[in-house]
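Colleague: my questions are about this predicted structure, shown below with the sequence.
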Amino acid sequence: MLTNNNEYLNFVNGKWQPSRSGSTIEVFNPANRDEVVGRVQASNLEDLEEAVAIAKETLQIWKNISSVDRGNFLHKTADILEERADEIAEIATKEMGKIFRDTKGEVLRGVAILRYYAQEGMRQMGEVLPSSHKSNLLITKRVPVGVVGIISPWNFPIAIPIWKMAPALIYGNTIVFKPASETGITAAKIIQAFHDAGFPAGVVNLVNGRGSVIGQGLSDHPDVQAISFTGSNSVGNQVAASALKHGAKFQLEMGGKNPVIIMDDADLEHAAELTVQGAMKQTGQRCTATSRAYIHESIYDEFKKIVLQKASLLKVGNGFDQNVDFGPLASKQQMNTVVGYIEKGLEEGATLLCGGESLKGDLEKGYFVPPTIFENVTQDMTIAKEEIFGPVLALMKINSIEEAIEMANDTKYGLSASIFTNDITRAFTFINDIETGLVQINGETGGAEPQAPFGGMKDSSSQSREQGQAAKEFYTTMKTITITPVPSNG
Ligand code: UN1
């Protein structure tokens, strides 16, 4: 996996190997820009070609192993990942800055996902339908789609690849995986766990490289039958356009601009805690992060006071420090984008209540931005419209649930939304009228469970869902089989 030069290799056909390009991409620690964590391959299209060819060849072997046995490979991978949770979490924290407690939680989430899909190998893969010909047996059988391309982001470097790989594998597909290069080392550690679990060579392949080369090449490749992508809307649209050209299935999970509504009957302590956590946890680098709070005007001042007090208690710092609540932004580019949005907020007339500038002093070497909260924000301001992907929250006033829902829906995104209320009628109105794939009543906008479908409406996704039984739709295709008994002559 690793050479002397702290260089992590690609994994193709069961072997670790360098790219033919001879060049690598440096991975930096965002908590300390002087620290190079390691290097990953800057692969070229020949590397990709080899990986896709071997995944295609191995499909015949993998799909002919029973799904129960495929499940056993996933069980083994789960056990290995669990044993290595600390080691993998440590590298993920170094690569993208998320605090160690959260990266460790992410490895354990990966373990739970693997165990869920391992069991899937023993569940139903088709159904029996009534036939209009009474002696016939009419059945459906789910079969693998083929070679699956996986393009995953840096913000959940463990859970997202696993929630794509586990269902792809249990249903009999082979994989070419291209992780975000910022977290290419964590990806190598995950792949090592799959390898050590004994997967046949060629089933799982890892090709590190730039999105513009390997991500694009994977989306364009005629032998890739399905492509699962999580990341930005602009890249997602390119992936979809490329997949469409050669008739591949595609699944996109993209941005969010997730609102919370705080009604006058809400438990304000609870609502403020989950609003702050939702906005600031993981430095706001979650597509499910809370970014707009619509607050009933009668409790606005009180709620604002509690939110500001809670935000002031959050400690920002190196993810390995015990009492830190959140770490740096994942890269310089990410910090510049977030600071740019904060400046835009000020320019457009919003009032800054706390935060707002990258941190100086001891933390100057990293990409640290403190909890940042604005008020006097209007719907047409950039910070109310665009996904920021940083620890930034906008507070806005509403005076009815109808107004709140209308404002919450006034966005191109539709991933997650929450309402804080103790009134069941208001909760039902929200469930019915909010235009998001994930709906929370008195809960945080973020979070996902392996057994439940995850995904958004509107521009947040390609309308497909990941995880749970929803993954079966994407990672399988179907045969409708009619068995006609031949009439006996006697
Ligand atoms: C979560 O909120 O725990 O990239 C999951 C993201 C989402 C996953 C969020 N696809 O942030």
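Modeller: Yes, it's here.
Colleague: just checking, what packs against the strand or helix carrying M165?
Modeller: Secondary structure from DSSP states H and E places M165 in helix 159-170. Applying 3 or more Cβ pairs under 8 Å, 6 or more residues apart in numbering; DSSP states H and E, one finds that helix 159-170 contacts helix 67-83, helix 100-120, strand 147-152, strand 174-179, helix 184-196, strand 226-230, helix 470-475. For every residue, glycine as well, the C-beta is placed using N, CA and C.
Colleague: now do the contacts for the residue of the stretch 1-150 of the chain found nearest the ligand.
Modeller: As assessed by Cβ to the nearest ligand atom, the ligand sits closest to R109 within the stretch 1-150 of the chain, at 7.8 Å. With contact taken as Cβ atoms under 8 Å, 6 or more residues apart in numbering, R109 is in contact with I158, A159, I162, P450.
Colleague: repeat the analysis, applying 7 Å as the threshold.
Modeller: With contact set as Cβ atoms under 7 Å, 6 or more residues apart in numbering, R109 has these partners: A159.
Colleague: same thing with H246?
Modeller: P222.
Colleague: how near is the nearest residue to A180 once chain neighbours are set aside to S228?
Modeller: Spatial nearest neighbour of A180, chain neighbours left out: W154 (3.9 Å); criterion: Cβ to Cβ, 6 or more residues apart in numbering. Counting by Cβ to Cβ, to the nearest Å, the gap between W154 and S228 amounts to 16 Å.
Colleague: one more: N442?
Modeller: Look at N442 and S228: by Cβ to Cβ, they are 32 Å apart.
Colleague: which one's more surrounded, those two?
Modeller: Taking neighbours as other Cβ atoms under 10 Å, N442 and S228 compare with S228 leading, 30 against 15.
Colleague: just confirm Q440 is within a strand.
Modeller: Yes. Membership of Q440 in a strand is supported by DSSP: H, G, I helix; E, B strand; the rest coil.
Colleague: quick check: closest non-adjacent residue to it.
Modeller: Leaving aside its chain neighbours, Q440 sits nearest to S418 (3.7 Å; criterion: Cβ to Cβ, 6+ apart).
Colleague: dump the residue contacts of the one you found.
Modeller: Per Cβ under 7 Å, 6+ apart, neighbours of S418: V260, Q440, G443, E444, T445.
Colleague: next: L353.
Modeller: Contacts for L353 (Cβ under 7 Å, 6+ apart) come out as L308, I373, F374, E375.
Colleague: just the ones of those in helices?
Modeller: If you go by DSSP state H, those have L308 in helices.
Colleague: just the closest of the contacts of L353 to the ligand, please.
Modeller: Nearest to the ligand among those is I373, at 20.4 Å by Cβ to the nearest ligand atom.
Colleague: with adjacent residues omitted, what lies nearest to the closest one?
Modeller: Nearest non-adjacent residue to I373, counting by Cβ to Cβ, 6+ apart: L353, 4.5 Å away.
Colleague: tell me the confidence at the one you found?
Modeller: L353 is assigned a pLDDT of 98 by the prediction.
Colleague: does the ligand have contacts with stretch 239-259?
Modeller: Yes. Counting by Cβ under 6 Å from any ligand atom, contacts between stretch 239-259 and the ligand involve E253.
Colleague: what is the end-to-end distance of that stretch?
Modeller: With Cα to Cα, to the nearest Å as the measure, stretch 239-259 spans 27 Å from end to end.
Colleague: quick one: end-to-end length of stretch 148-167, please.
Modeller: 11 Å.
Colleague: check contacts around the closest residue to the ligand within the stretch 351-490 of the chain.
Modeller: The ligand sits closest to G446 of the stretch 351-490 of the chain, with a gap of 3.6 Å, by Cβ to the nearest ligand atom. For G446, the contacting residues are G278, K281, R286, T288, A289, by Cβ under 7 Å, 6+ apart.
Colleague: now swap in F229 and tell me
Modeller: With contact taken as Cβ under 7 Å, 6+ apart, F229 is in contact with I151, G236, V239, Q251, L252.
Colleague: low-confidence bits of the stretch 1-150 of the chain, can you list those?
Modeller: Across the stretch 1-150 of the chain, the ranges flagged by pLDDT under 70 are 4.
Colleague: run the last query once more with 90
Modeller: Low-confidence segments of the stretch 1-150 of the chain (pLDDT under 90): 1-6.
Colleague: same question for the stretch 251-400 of the chain.
Modeller: 357-363.
Colleague: what does it put close to the ligand?
Modeller: When proximity is defined as Cβ under 6 Å from any ligand atom, the stretch 251-400 of the chain approaches the ligand at E253, R286, C287, T288.
Colleague: can we see that at 8 Å?
Modeller: Remark: the part of the stretch 251-400 of the chain in contact with the ligand comprises E253, G256, Q285, R286, C287, T288, A289, using Cβ under 8 Å from any ligand atom.
Colleague: if we can go back for a sec, check contacts around the nearest residue to the residue of the stretch 351-490 of the chain closest to the ligand once chain neighbours are set aside.
Modeller: Distance criterion Cβ to Cβ, 6+ apart; nearest residue to G446, sequence neighbours excluded, is T288 at 4.0 Å. T288 sits next to G256, N258, L415, S416, L438, T445, G446, G447 when contact means Cβ under 7 Å, 6+ apart.
Colleague: out of these, who's nearest K315?
Modeller: If you rank the contacts of T288 by distance to K315 using Cβ to Cβ, G446 comes first, at 19.4 Å.
Colleague: state the helix or strand in which the closest one lies.
Modeller: Here G446, judged by DSSP H and E, is contained in no helix and no strand.
Colleague: hang on, isn't K257 packed against T290?
Modeller: No. The criterion here is Cβ atoms under 7 Å, and K257 misses it with T290 at 9.8 Å.
Colleague: give me the neighbour count for N10.
Modeller: Neighbours around N10, by other Cβ under 10 Å: 27.
Colleague: please apply the same query to the one 3 residues further on.
Modeller: Other residues near N13 number 17, with proximity taken as other Cβ under 10 Å.
Colleague: grab the nearest non-local neighbour of it.
Modeller: Using Cβ to Cβ, 6+ apart and skipping residues adjacent in sequence, the residue nearest N13 is I54, 4.5 Å away.
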